[in-house]
Structure formats: structure tokens, C-alpha cells
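Q: Pasted the sequence and its predicted model underneath.
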Amino acid sequence: MSVVGPFFYELPAAERQAILERLAVTLERNARWAAEQGDDALEMVMRSVGTALLSVAGDLATTDITLAQDVAARAVNLITTFHCR
């Protein structure tokens, strides 16, 4: 089971988009924290993924739900990795 749960498929596109956008903003915020802690590699990855996700969240949420769920799960994994360090 995905970390974002099976409910993701059942959400309207606007709610899937909102989740993806929130994950993108969270990634960007965590990227700043990673930079402050000297973790340049994780900062770069989180910032890049966050920026890219924010720019495609709308299209992703409406055109490919499976990919959107996978991207959301990977974003959650990045955030979790950072907080576990």
C-alpha cells in the first residue's frame, strides 16, 4: 500500500492537486532546513523535486492519477528521509 493511501484515487482532481502542491511547498521548506543543517545534497534534491512538482501539480492531478500517487509517495519518502536524519 502506498504511503498516501488508496483514498488518493477517490479524491476529486482539485483535492489531488492541493495535496501535491502542499507536498511541493513542504519539500521546499524542508530544503531550506536541510541547507541550514549543511545537508547540501538533500537540500538540492528536495528543492528540485518541490519546484518541479509545484509546476506540474495541476496537470498531474488530472491526467495520470497513478503517476500522481507515485509522485506523492516519493515526496513523502523524501520528507521522511530528511526528518529521520
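A: Sure thing, it's come through.
Q: Tell me where the model's unsure across the protein.
A: For the chain, the stretches with pLDDT under 70 are 1-5.
Q: Point to the residue nearest the middle of it.
A: The chain has Ala75 as the residue nearest its centroid, 3.3 Å off, counting by CA atoms, centre = their mean.
Q: Can you name the residues that contact that residue?
A: Taking CB atoms under 8 Å, 6 or more residues apart in numbering, we find Ala75 in contact with 20, 23-24, 26-27, 49-50, 53. Every residue, glycine included, has its C-beta placed from N, CA and C.
Q: Make CSV out of those and add distance to Val71, secondary structure and neighbour count.
A: As requested, these are exported to CSV (distance: CB to CB, whole Å; DSSP: H, G, I helix; E, B strand; the rest coil; neighbours: other CB atoms under 10 Å):
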residue, distance to Val71, secondary structure, neighbour count
Leu20, 7, helix, 24
Leu23, 8, helix, 24
Ala24, 10, helix, 22
Thr26, 13, helix, 17
Leu27, 11, helix, 25
Val49, 9, helix, 19
Gly50, 11, helix, 23
Leu53, 7, helix, 22
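Q: Export these to CSV and append columns for distance to Ala41.
A: What follows is these, written out as CSV (distance: CB to CB, whole Å):
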residue, distance to Ala41
Leu20, 24
Leu23, 20
Ala24, 19
Thr26, 18
Leu27, 14
Val49, 13
Gly50, 15
Leu53, 18
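Q: Leaving aside the residues adjacent along the chain, what's closest to Arg32?
A: Closest residue to Arg32 apart from its sequence neighbours, by CB to CB, 6 or more residues apart in numbering: Glu43 at 7.7 Å.
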